[in-house]
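Peer 1: Dropping the sequence and predicted coords here.
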Amino acid sequence: MKSRYKVFIGSIFLAAAVGFIAIRTTSRTRRPNEKTLAQPPLSQNNLSQPSNQLGSSASATGAAFKNQRLWQALAVKITQGHPEENRAALLSFFENQFRSPSNHLSANELIEFLESGEDASTSLGFRVGAAHRLEEWPTLRVAALDWLGTLDPAAAASYAEKIFNQEKSADEFAIALRNLAFGLPQNNEALTQRFEQLLAKEDWKNVPSQGYLEAFDIAAYLVNPDLVQPLSHNISDTRNEPLRKASFVALDRMAQANPKLIIKQLLANEFLQNSPFTRAGLFSHADIRDHEQRQLVESYLLNTKVQSQEISSFAEAFPNGSATLVYGLVSENRSPSFSDLAQQDRSSLKWVREWLGDKRFASRQPELQKLESKLESYVASAVRGGILPTP
Amino acid sequence: MRSNFRLSTQRFLGIALVFIAFNLEAAYTPEVVSTELSQTYPYNVTGLLSATEAGKIGSGAVIRYPKVVISCAHVVYDFGWKNGNYFFPAWNLGSFPSRSQGVLLRSYWHFTSYSSGTSDRDFDRDFVAHYAYENIAEGRYGRALEDGREGLRSTLPKLITGYPGGLYPSGSPFENRLHQTGPFSLPFIPSSYSTYLTINEVSTGAGNSGGPTWVNNSNDWAFAGVLVAGLERSENDGIDRAGVRAIEAAAWDLVDKAYVSAGGCSNYLKTASATFGSTASTGTFDVTSTGGCTWAAIPDQNWIHTTNTADGNGVVNFFIDANHSGTPRKGSISVGNRSFQITQDFPQIAGSYKGFFHDVNNTKLSSSGFLSAKVTSSGAFSARIQLEGKSYALTGVFSREGSATGVILRKNLPSLEVNLQVDAFYEIIIGDLDGGLWSANLDVVKDGFTSLKRGGKAPKYTMAFLHNSEKVPSGDGIATLIVSPTGVTQIRGAMADGTRFSQKSSVSASSKWPLYIPLYNGKGVLFGWNTFKQDGTITGNLTWIKNEGSRTFYPDGFTNDLQIAGSVYAPVLNQTWGLDFINGLVVLEDGNLPGPLSNLITLDQNSVRADVGAIVDVNLRYALPTGLVKGSFIHPANGKKTLVTGVVLQKQNEVRGFFLGTNQSGSFLLEKKLN
C-alpha cells in the first residue's frame, strides 16, 4: 500500500486532549462536507524520535525525514487548538518555513508532502482574503496548495493538473484552479475547461463546500458567455441555496464587468425565465449610453413575455451603480466612478423620456414613469453634490 | 417593515444551539436618546435607513467618509439590487420622515463571498457601504477603528446606536426615535468565524440592524462594527444577545478601494499610532493621499499641537505637552478620514526619594535633617527622617491631590509636624517641617539616575569641598566617590578638620545628588545639593555645621559654606597624574603657618620631586587607583612632620586638600606653575 493510516503510540493523556486527528490516505476520497474521521493521535514523543512508520516515505532519510517530522508536528498542533490558534500555527509554520532566509522547505518539498497523501483538518473554513490568498484553510493540503501557488506559480499550475485529474477534494480543486489561472495566465481555455469540470461534478454540487463555491470566482474572472447557461441553471435551482448564491454572485459580477455580453446571452437564450427578478437585476447593469446595450434593453422592455413585475424590478435597480465586492480567488473588484455614474444617470433620464414618448413602450409607462422620477432624483442629487453641473 | 432582524435571529438560533440561556433580564436594552443628545457625536452620524424599494427600515451610520453610510446587507439587499435608499441622519422625531428630509443614497457596495450562502457565513458577510452623491450629515462622519474586531473584544466601553422601532407597536411615538444600547464594557466573543462576534446580556431589537457599534478609545467613540443579529428573551428566544460584524482592516480595504475608484479621495497613514513618555515630545507621521484629498491635521486634544495642512502626500509634525496628570492619556490627530492615535504615559509616583530640610533663614544643626522615603504606586509611603543624630519613622498615604501630613513625637523635644506634597511629574516631594522652635523647608527628589552610565561601569569621581576664605576652618575637605550604573553613590573622605566620613546615597533622574552626612556623633552635619554635569564635573554648595564641642580643632563650633569642586576621575599611569602639567607649584596656607608657603615641584609618576621653595621636606605621593594624594612637610611652627591630604581634580587641573596645624587646619594646593 502506497500510504496508509499512520499509527503512533502516543500517551493516553495526549490522545484524550487531542480528541482526533486527521491523517488521511491518498487512496481515500473525501466528500466535500464530510467530517474528518477520528484517528490515533500523534504524540510529542513520536515526533521527537525517528520512526519507520511514516507512510509513503518510510524509507526516506535525512532532509526528507526532517520534513516529515515538521508536517507531523504541524498536524498535531492544528488539530489540538481553537480555530484561531490553528490559523496562527499554520501562518507561523508556512512563513517560517518558506519565508525565512534559511528557506527550510522548497516548492519541491511542498509537492513531496502533497504526494504523501497525508492531511489534517484545521477546523477552519475556506476563506479567501486579500491578494487572492486564503485567510483560512480547511485542511493542511489546501494550505500547502495555497502556499505552493505563492512560492512557485508555475510548479503550482503544473501540480494543479494532478488535483484536477484526481477529483478528490472540491476545496483542493478550487485552489488548484487559482494556481492554474496565475501559473498559466494565458491559458483561459484550460481554465474554462477545468471550471466546467468542477461545475459538472454532481456530488460536489449537491453538497457544496466553501471551496467549491469560492471557485465560482473563475467565472467572474473569465467572463465567458458560455458560462451564462450553467450559472443561470444553478440560479434557478431553488433547492440548493448556497449554489444559487454563488452562481448569482458570479453572474452578477460578470454582468458588472461586461453587461453587453451577459444580457445579450440572457436575451438570446431566454435564460432565467424562472428567475425574473434576478434577470432584471442583471439587465440593470446595462449602460444605455452604448447603442448596442440600449437596443438590448429596448428589446427586453418590448418583450411581451417579460412581466410588468420584472420590469418594475428592473426600474428599481437601473442604472445599477451598486456592486458586489468580494475577495476573489482570481477576479478583481470593479466599482463605477461617481462622475461616470452621474453622467449615466443623466443620459439614462434622457432615453427614458424618449421611451415615454414612444408608443412602442406604451405598456411600460407605469414602470418608466417611476424610473423617470427616480432618475430625476439621482440627477438632482448629483447636481447638489457638485458631480454634475447645474442644468 | 423593520429590517429582517427577527429572520436573522431565527437563522442565528439554528447555528447557536450550544449557547446557554440565562434567566436574568438583559443588563443592557435600548433607551431613547434625548433630542439634545442626538445632535452630538456619535448620535449625529447615526441615522434611520429606509430601503424604500426593498420595503425595509434599518439603521446605519456615516463612517469614515462624508458620503458613505455603513449598514448591514440584510436591510437593503435580498438576492437582488434595490437602489435609491434614503438616509435620515440623527432622525429623532415620533413620525416617520419623508424623503425630502433625508439624503438619497445612490447605490451601495455589497460585501459578500461566493460561499455566503453557507449557513456560517451569513453574518460574516452581512454588511454594505452605501454611497451618496452629496455629503450626508452636513459633512460629519464617524471615526473608525482600523481593527474593529480588536476593539469589540476589549473591555473598553461600547455603545450600540440605531432605531429598534420593532420594540414598539406601530404608531408609537418612540417607533422612530433614536436609541442607544449601553454603554457597556463587556467584551464581545468571536464566533468560529472571526469577524462575527456576539455578546450576551445585551439586547437591541428589530430595526436596529445595521446600527453602528462604537468603542470608546482615546476618550471618544469610534466605529467598530455593524449590528447584524440579535436574540431577545422577550421574544421567546431564551436569551438576550447581540451579534456584530466587526469591520476590520480587510473590510476597510475593500471600502477604501471602492471609494477611491468611485472618484472619492482617501488618506492612508503608514503608521497609525505612537506612544510617548510623560515629558513634552515631538513626532511625525506620513500621509499618503489617493484621489487628491486636501486634508488638515486636526488634534482632538488641547495637549496635542499641529498645524499641518496639505494637498496630497505629506508629513504631519506634531508636538505634545508634558503630562502632569496622574493618569495616562490618549488623543488623536485626524487627517481627513483617518486618525493617528497618540498615547502618553503619566508620571509614576512610585519610587525612592531622598533629600533634606533646613531653615533657610537660620541654618542650624537642630533644624537641618535628611528625609528618605519609599512611595508605592497607590501613594502609600514610608519615610525616615534623620535629625541631630536621631532617626524617626513616618508612614502615610498621599491624597489624590498628592498631599500628606504627619506628626512625629520626639522624646524631650517638641513634636515634629511634617507636611508633604508629592509631584509625580517633577519627581519631587516638597514640604515643610515644624519643630516647634523652628520651621524648615523640605526638598526631596526621586531616585532614577541614568545619565552618567559609563558602559555599565561605575564611574569614579574625586571631590574637594572648597572653603570660604573668610571663615574658619581653612583647608579643603576631600573625598572619593563611586557612582554605580543604577545611581547608587559611595562617598569616602575627610573634612578639612580631619573628620572622616563615608556614606551611601543615590542620584536623582535629573542628576541631583542630595548629600547629607552626619558628623561628630550627631553634633555636626554636612549637607547640600550637588549636580553631576555632562562635562564630568560636580558642582554644588554645602553647609558644614559643627556645634560646640571638646575637640582640639574648633571647639567653639562653626557654620560654614562650602563649594563643591568635583571631577570625574580616570586613573592614568603617567608622569602627570592625569593633569596637564609636570612642573607645578605647591602652596600651603593657614593651619598655624606664619604665612603662606610655596614650593616648585616636578611631578613624577606617583610622587613629586621638590625643586625650589620654602616648604621644608615636602613630599607627596599619588595613589593611582583613587586619585588621593598624601604627603608631609615640616611645620615651621613646631618643627614636626605634618601630614598633607589631597585629591587630584583632573577636570580642574589641580590638587586640593588640607593639613592640620597645631589647632587650625590649613589648605593645600598643587597647581600648574605659571610662566
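Peer 2: Yep, it's here.

Peer 1: how about the residues of the stretch 451-600 of chain B near chain A?
Peer 2: By the rule Cβ under 8 Å from any Cβ of the partner chain, no part of the stretch 451-600 of chain B lies against chain A. From N, CA and C alone the C-beta is placed, and that goes for glycine too.

Peer 1: Return, as residue ranges, the portions of the stretch 451-600 of chain B with sub-threshold pLDDT.
Peer 2: B:451-457, B:550 (pLDDT under 70).

Peer 1: residues of stretch B:357-374 that come out buried?
Peer 2: For stretch B:357-374, the neighbour count (16 or more other Cβ atoms under 10 Å in any protein chain shown) marks B:357-359, B:363-365, B:367-373 as buried.

Peer 1: Now do the end-to-end distance for that stretch.
Peer 2: Stretch B:357-374 has an end-to-end distance of 17 Å (Cα to Cα, to the nearest Å).

Peer 1: which other residues reach that stretch?
Peer 2: With contact meaning Cβ atoms under 8 Å, 6 or more residues apart in numbering or on different chains, stretch B:357-374 is reached by B:351-356, B:381-388, B:429, B:432-433, B:435, B:437-444, B:514, B:516, B:523-525, B:527, B:543, B:545, B:547, B:559.

Peer 1: how far out from the middle of the chain is that stretch?
Peer 2: In terms of Cα atoms, centre = their mean, to the nearest Å, the centre of stretch B:357-374 is found 31 Å from the chain centre.

Peer 1: again with stretch B:211-220
Peer 2: Distance, centroid of stretch B:211-220 to centroid of chain: 25 Å (Cα atoms, centre = their mean).

Peer 1: Out of the buried residues of stretch B:357-374, which one has the weakest pLDDT?
Peer 2: Lowest pLDDT among the buried residues of stretch B:357-374: residue B:363, with 86.

Peer 1: Okay, buried residues for stretch B:341-351 please.
Peer 2: Neighbour counts over stretch B:341-351 (16+ other Cβ under 10 Å) mark B:341, B:342, B:344, B:346, B:347, B:349, B:351 as buried.

Peer 1: From those residues, which shows the smallest pLDDT?
Peer 2: Among the buried residues of stretch B:341-351, pLDDT bottoms out at residue B:347, giving 78.

Peer 1: what's the distance between the nearest residue in space to that one that is not next to it in sequence and residue B:108?
Peer 2: Nearest residue to residue B:347, sequence neighbours excluded (Cβ to Cβ, 6 or more residues apart in numbering or on different chains): residue B:424, at 3.8 Å. As judged by Cβ to Cβ, to the nearest Å, residue B:424 and residue B:108 stand 52 Å apart.

Peer 1: The residue nearest to residue B:347 contacts residue B:349, correct?
Peer 2: Yes. Contact criterion Cβ atoms under 8 Å: residue B:424 and residue B:349 qualify, at 4.2 Å.

Peer 1: so what sits against both of these two?
Peer 2: B:326, B:402.

Peer 1: May I ask which two of the buried residues of stretch B:357-374 are separated the most?
Peer 2: The most widely separated members of these, counting by Cβ to Cβ, are B:364 and B:373 (23.4 Å).

Peer 1: Secondary structure added to the buried residues of stretch B:357-374, as a markdown table?
Peer 2: What follows is the buried residues of stretch B:357-374, written out as a markdown table (DSSP: H, G, I helix; E, B strand; the rest coil):
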| residue | secondary structure |
| --- | --- |
| B:357 | strand |
| B:358 | strand |
| B:359 | coil |
| B:363 | coil |
| B:364 | coil |
| B:365 | helix |
| B:367 | helix |
| B:368 | coil |
| B:369 | strand |
| B:370 | strand |
| B:371 | strand |
| B:372 | strand |
| B:373 | strand |
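
Peer 1: of these, closest to chain A?
Peer 2: Among the buried residues of stretch B:357-374, residue B:373 lies closest to chain A (Cβ to the nearest Cβ), at 46.8 Å.

Peer 1: Tell me the bridge partners for that closest one.
Peer 2: residue B:353, residue B:383 (DSSP bridges).

Peer 1: Report whether the lengthiest helix in chain B contacts chain A.
Peer 2: Using DSSP state H to assign secondary structure, the helix with the most residues in chain B is helix B:249-261. Yes. Helix B:249-261 is in contact with chain A by Cβ under 8 Å from any Cβ, via B:250, B:253, B:254, B:257, B:258, B:261.

Peer 1: now for that helix, which elements pack on it?
Peer 2: Contacts defined by 3 or more Cβ pairs under 8 Å, 6 or more residues apart in numbering or on different chains; DSSP states H and E place helix B:249-261 against strand A:323-325, strand B:68-71, strand B:107-111, strand B:127-131, strand B:266-269.

Peer 1: And the contacts of it?
Peer 2: By Cβ under 8 Å, 6+ apart, helix B:249-261 touches A:129-130, A:135, A:323, A:325, A:327, A:333-335, A:337, B:64-65, B:68, B:70, B:109, B:111, B:127, B:129, B:131, B:144, B:146-147, B:195, B:266, B:268, B:290-291.

Peer 1: Can you give me the buried ones in it?
Peer 2: Here helix B:249-261 shows B:250, B:251, B:252, B:254, B:255, B:256, B:257, B:258, B:259, B:260, B:261 as buried, counting by 16+ other Cβ under 10 Å.

Peer 1: quick one: the fifth one from residue A:223, how far?
Peer 2: From residue B:255 across to residue A:223, the span is 24 Å (Cβ to Cβ).

Peer 1: got it, and the third one?
Peer 2: When Cβ to Cβ is applied, the distance between residue B:252 and residue A:223 equals 28 Å.

Peer 1: now swap in residue B:242 and tell me
Peer 2: According to Cβ to Cβ, residue B:242 and residue A:223 sit 40 Å apart.

Peer 1: Compare the two and say which is more crowded by neighbours.
Peer 2: Using other Cβ atoms under 10 Å in any protein chain shown as the criterion, residue B:242 and residue A:223 rank with residue B:242 on top: 29 against 19.

Peer 1: and the residue nearest to that one when sequence neighbours are not counted, how many neighbours does it have?
Peer 2: In this structure, residue B:242 finds its nearest non-sequential neighbour in residue B:202, 4.5 Å apart by Cβ to Cβ, 6+ apart. For residue B:202, the neighbour count with other Cβ under 10 Å is 26.

Peer 1: In contact with residue B:62, which residues?
Peer 2: The contact partners of residue B:62, by Cβ under 8 Å, 6+ apart, come to B:45, B:47, B:68, B:69, B:87, B:89, B:136, B:137, B:140, B:141, B:142.

Peer 1: If we use 10 Å, what do you get?
Peer 2: Neighbour list for residue B:62: B:42, B:44-47, B:68-70, B:87, B:89-90, B:103, B:130, B:132, B:135-142, B:212, B:223 [criterion: Cβ atoms under 10 Å, 6 or more residues apart in numbering or on different chains].

Peer 1: Strands along chain A, start to end?
Peer 2: Along chain A, counting by DSSP state E, strands occupy A:127-128, A:134-136, A:323-325.

Peer 1: Adding mean neighbour count and distance to chain B, write those out as a markdown table.
Peer 2: Converted to a markdown table, the strands of chain A look like this (neighbours: other Cβ atoms under 10 Å in any protein chain shown; distance: least, Cβ to the nearest Cβ, whole Å):
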| stretch | mean neighbour count | distance to chain B |
| --- | --- | --- |
| strand A:127-128 | 24 | 7 |
| strand A:134-136 | 22 | 8 |
| strand A:323-325 | 23 | 5 |
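
Peer 1: Make CSV from those strands and add mean pLDDT and distance to residue B:569 to it.
Peer 2: Output for the strands of chain A, formatted as CSV (pLDDT from 0 to 100; distance: least, Cβ to Cβ, whole Å):
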stretch, mean pLDDT, distance to residue B:569
strand A:127-128, 91, 67
strand A:134-136, 91, 63
strand A:323-325, 89, 72
